[in-house]
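Trainee: everything below, folded, please.
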Amino acid sequence: MSYPIDKKDEIIKKSHERSLKYGIEKERIVSKKILKGNEVTENIKQNKELIMIAAPFTKILYDFLKGSGFLIILTDRNGCILNIIGDEGILRASKEMGMIIGAYMDEKSIGTNAMGIAISEDMAIQISAKEHFITAYHKWTCSAAPIHNCNGDIIGTLNLTGDSSLVHPHTLGLVVAAVKSIEEQIENNAAKDKLTETYLYMNTIVNSISSGIIAVDKYGIIRNLNKASSGIFQLKEEDIIGTSIERFFNNWKEIYLQIQQGNNYHDEEISIKRNGTRDRYTLSAYGIKGEKEEIIGMVLTIKEIQRVLDLVNKFTGLRARYNFDDIIGESKEMHKVIEYAKNIASSPSTVLIQGESGTGKEVLAQAIHNYSNRRNGSFVAINCGAIPKNLIESELFGYEEGAFTGARRGGQVGKFELASGGTLFLDEIGEMPLDMQVNLLRVLQESCVTRVGGNKYISVDVRIIAATNKDLKKEIEKGTFRQDLFYRLSVIPITLPPLRERKGDIELLIKHFLCLKADKLKKPIPNISEDIYNKMVTYNWNGNIRELENFIENIVNLNGSTTFHIENKKKNVECEIMEVALSSNEEQYICSIEALEKKAINACLNKFDKNITKVAKILGISRNTLYLKMKKYDM
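Mentor: Next up, the predicted model:
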């Protein structure tokens, strides 16, 4: 673009006169007005739409000019720099002269320059060398054009700056072409906004639907969505709108192509990655047609997977909720288990947790994961005893499209793939069929899986934690569990003690579950009679923590009473003495009854950490009687 010399000279002359009037010094190097801190952030926020629309076009322009020594500057309508990109050398030089984000390039702040004139005269112009007002800019050539909105108002400028020796009229042509593209995109966005606004009256209806609903344009940019979608993505609406749908679905182009070709896309299985984990949903897509029947956008609906996959997902999880702090217990038995588990948490070796049903094996597995260096990865749990035998293989290893009748289009990712980079928890491993044990052993040895119906090896990085309430060595003898798999799984064995072997933790657990169940049932913590409480403390709890938890819930529901019957497993003095006598040298008990009684009391006090209530129950005497006897024997 060129101008008659006299016209351009007149424009520059008037700009110089204005610069003098504004008090700009010829020797000035840095702009008189530069925003800082929160002022910059607020201005960027106010001009977010312009920045987003201009970004791809400035990138194209820079890719074309890269290495040629030019600087690209985007300003707002007042000449404040919003973005600046360019080659390293000229970026460094411009920074030394204060040409940074937040600096004003209007005439009032820095005198005559292309950006300032573009705003004041509403025209595209090229300013070079001494045409600039301040001496410091005489080394530059600048080409700038104003950017207009749909109403014709100036909303910013785009500028190319380089060494004055690089001056060329085509430079201004590049800027004008880029600005034209930006303005066309602004108009397109305005049209799309109007299209979106026509559907706003439906927002109340759309937001009442439990499925996620998303409106995107033909470029895959999210224009609108309902509240359910925000919940699915676990992000705020303002953090989603305006971003690309490919952020969530990497097969977006395939979906768009199918809709464009007139094909249906209904209830296809997808996985959405959020915060390091993946969840599975079904996706349907519907085209939005313009006046010429062309596809101008799409509406996507997302809902939870139904039927069989719902049943499978009931027994699986992708996150570990529990930490070691969530494990209730101060007994030496539990301290030993927890310290050992912490020490091996970051080891890549397989862990086998053994313990009776209800001892908290999955809680420990989750705590190990969250304490390990894989804590930011997935924690995928699968109950080997709860999944039908014909589904275990496809659940663990996934399947390819067409692998079997009923297989979903596109296949399915298996749990090993989902857990890659994290932990796979195989609960009730003792229930796994023998033929599947062979496949599992191969995966553990080779660190790769092959989907059902496929022949491609997929590398996986998974830490295995298995758990069982069975004695696997006995299962090996019976021929129901492979010996080689047992040794591969039990590289780090951990045994969780039953509740009867950690009596010191029962009172802590009672207190914990009373608070938990009272909060869950919206009821006050009940008063428990001394009789029931003593039975709870001394009962063996063969069902372990799970049995105790259910018992507490029953008590909270009945305000301190219970319909459950538990026998207090107390032992009388004779039984206690007999047990001690059988395990010790009998001669030491050849003594008087008083001496024997003293030894029995002392043994119980040591055994139960001086818990007077427990000791009195074991000895079959009241607390007062016990205190009297302790005083008598100076204990």
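Trainee: from here on, contacts and neighbour counts on C-alpha atoms
Mentor: Noted.
Trainee: residue ranges with poor pLDDT in the stretch 1-150 of the chain?
Mentor: 1-6 (pLDDT under 70).
Trainee: so where do the strands sit in it?
Mentor: When assigned using DSSP state E, counting those that start in this stretch, the strands of the stretch 1-150 of the chain occupy the ranges 71-76, 81-86, 125-128, 140-148.
Trainee: these: which one's closest to residue 337?
Mentor: strand 81-86 (56.4 Å; C-alpha to C-alpha).
Trainee: buried ones in stretch 369-377?
Mentor: For stretch 369-377, burial by neighbour count (16 or more other C-alpha atoms under 10 Å) applies to 369, 370, 371, 372, 374, 375, 376, 377.
Trainee: now render the residues you listed as a markdown table, adding pLDDT, secondary structure and distance to residue 210.
Mentor: Compiled in a markdown table, these are given as follows (pLDDT from 0 to 100; DSSP: H, G, I helix; E, B strand; the rest coil; distance: C-alpha to C-alpha, whole Å):
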| residue | pLDDT | secondary structure | distance to residue 210 |
| --- | --- | --- | --- |
| 369 | 94 | helix | 32 |
| 370 | 93 | helix | 32 |
| 371 | 94 | helix | 35 |
| 372 | 94 | coil | 36 |
| 374 | 90 | coil | 33 |
| 375 | 88 | coil | 31 |
| 376 | 83 | coil | 29 |
| 377 | 84 | coil | 28 |
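Trainee: how about the residues you listed, which pair is most distant?
Mentor: 371 and 377 (11.7 Å).
Trainee: report all helices and strands that the longest helix belonging to the chain contacts.
Mentor: Ranked by residue count under DSSP state H, the longest helix found in the chain is helix 169-197. Applying 3 or more C-alpha pairs under 8 Å, 6 or more residues apart in numbering; DSSP states H and E, one finds that helix 169-197 contacts helix 48-65, strand 125-128, strand 140-148, strand 154-163.
Trainee: what are the buried residues along the third one?
Mentor: Applying a neighbour-count criterion of 16+ other C-alpha under 10 Å, one finds 140, 141, 142, 143, 144, 145, 146, 147, 148 buried in strand 140-148.
Trainee: and which of those residues is nearest to residue 167?
Mentor: residue 141 (5.8 Å).
Trainee: before we move on, back to that, export the buried residues of stretch 369-377 as a markdown table, with columns for distance to residue 282.
Mentor: Output for these, formatted as a markdown table (distance: C-alpha to C-alpha, whole Å):
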| residue | distance to residue 282 |
| --- | --- |
| 369 | 29 |
| 370 | 29 |
| 371 | 33 |
| 372 | 32 |
| 374 | 28 |
| 375 | 28 |
| 376 | 26 |
| 377 | 23 |
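Trainee: correct me, but residue 53 touches residue 182?
Mentor: Yes - checked against C-alpha atoms under 8 Å, the pair residue 53 and residue 182 is within contact range at 6.6 Å.
Trainee: the more surrounded of the two?
Mentor: residue 182 (23 against 16; other C-alpha atoms under 10 Å).
Trainee: what sits closest to that one if chain neighbours are left out?
Mentor: residue 54 (5.8 Å; C-alpha to C-alpha, 6 or more residues apart in numbering).
Trainee: count the residues that sit near the one you found.
Mentor: 22.
Trainee: and for the one 10 residues further on?
Mentor: Per other C-alpha under 10 Å, the neighbour tally for residue 64 reads 11.
Trainee: show me what contacts it?
Mentor: Neighbour list for residue 64: empty [criterion: C-alpha atoms under 8 Å, 6 or more residues apart in numbering].
Trainee: how near is it to residue 115?
Mentor: According to C-alpha to C-alpha, to the nearest Å, residue 64 and residue 115 sit 21 Å apart.
Trainee: can you give me the helices in the stretch 501-635 of the chain?
Mentor: For the stretch 501-635 of the chain, the helices defined by DSSP state H, counting those that start in this stretch occupy 506-521, 530-538, 544-557, 573-582, 593-607, 612-619, 623-632.
Trainee: domain assignment for the chain?
Mentor: 5-193, 205-305, 313-495, 499-536+543-557, 573-632 (automatic domain parsing).
Trainee: as TSV, the ones you listed with distance to residue 566 would be great.
Mentor: Shown next, in TSV, are the domains of the chain (distance: least, C-alpha to C-alpha, whole Å):
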stretch	distance to residue 566
domain 5-193	66
domain 205-305	43
domain 313-495	17
domain 499-536+543-557	7
domain 573-632	15
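Trainee: looking at the ones you listed, spot the one closest to residue 564.
Mentor: Across those, closest to residue 564 is domain 499-536+543-557 (C-alpha to C-alpha), at 7.1 Å.
Trainee: tell me where the model's unsure across this structure.
Mentor: In the chain, residues with pLDDT under 70: 1-6, 195, 197-203, 205, 273-280, 304-318, 402-410, 567-590.
Trainee: on that earlier part again, redo the strands of the stretch 1-150 of the chain as CSV? Include distance to residue 630.
Mentor: Shown next, in CSV, are those (distance: least, C-alpha to C-alpha, whole Å):
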stretch, distance to residue 630
strand 71-76, 88
strand 81-86, 83
strand 125-128, 103
strand 140-148, 94
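Trainee: hang on, the earlier thing: looking at the helices and strands packed on helix 169-197, which is nearest to residue 387?
Mentor: helix 48-65 (48.4 Å).
Trainee: just the CA atoms of that closest one, as PDB, please.
Mentor: Extracted in PDB, the C-alpha atoms of helix 48-65 (Å, rounded to 0.1, in the frame of the first residue of the first chain):
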ATOM      1  CA  LYS A  48      -9.300 -11.400  25.900                       C
ATOM      2  CA  GLU A  49     -11.500 -11.900  22.900                       C
ATOM      3  CA  LEU A  50      -9.300  -9.700  20.600                       C
ATOM      4  CA  ILE A  51      -6.100 -11.500  21.800                       C
ATOM      5  CA  MET A  52      -7.700 -15.000  21.200                       C
ATOM      6  CA  ILE A  53      -9.000 -14.000  17.700                       C
ATOM      7  CA  ALA A  54      -5.700 -12.400  16.700                       C
ATOM      8  CA  ALA A  55      -3.400 -15.100  18.000                       C
ATOM      9  CA  PRO A  56      -3.600 -17.600  15.100                       C
ATOM     10  CA  PHE A  57      -3.200 -14.900  12.500                       C
ATOM     11  CA  THR A  58      -0.200 -13.300  14.300                       C
ATOM     12  CA  LYS A  59       1.300 -16.800  14.500                       C
ATOM     13  CA  ILE A  60       0.900 -17.300  10.800                       C
ATOM     14  CA  LEU A  61       2.400 -13.900  10.100                       C
ATOM     15  CA  TYR A  62       5.400 -14.600  12.400                       C
ATOM     16  CA  ASP A  63       5.900 -18.100  10.800                       C
ATOM     17  CA  PHE A  64       6.200 -16.300   7.500                       C
ATOM     18  CA  LEU A  65       8.600 -13.600   8.800                       C
END
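Trainee: the stretch 251-400 of the chain: strands as residue ranges?
Mentor: 265-274, 277-289, 295-304, 351-354, 379-383, 398-399.
Trainee: now the ones you listed in TSV, with distance to residue 14 and mean neighbour count?
Mentor: Formatted as TSV, those follow (distance: least, C-alpha to C-alpha, whole Å; neighbours: other C-alpha atoms under 10 Å):
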stretch	distance to residue 14	mean neighbour count
strand 265-274	57	17
strand 277-289	52	19
strand 295-304	47	20
strand 351-354	81	24
strand 379-383	69	25
strand 398-399	73	24
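Trainee: nearest to residue 161, of the ones you listed?
Mentor: strand 295-304 (37.4 Å).
Trainee: ok so, going back, quick one: closest of the domains of the chain to residue 565.
Mentor: Per C-alpha to C-alpha, nearest to residue 565 of these: domain 499-536+543-557, 9.6 Å.
Trainee: straight-line length of the closest one, end to end?
Mentor: First residue to last in domain 499-536+543-557 (C-alpha to C-alpha) measures 23 Å.
Trainee: now render the helices and strands packed on helix 169-197 as a markdown table, adding distance to residue 295.
Mentor: Formatted as a markdown table, the helices and strands packed on helix 169-197 follow (distance: least, C-alpha to C-alpha, whole Å):
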| stretch | distance to residue 295 |
| --- | --- |
| helix 48-65 | 22 |
| strand 125-128 | 39 |
| strand 140-148 | 28 |
| strand 154-163 | 31 |
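Trainee: fine by me, thanks again.
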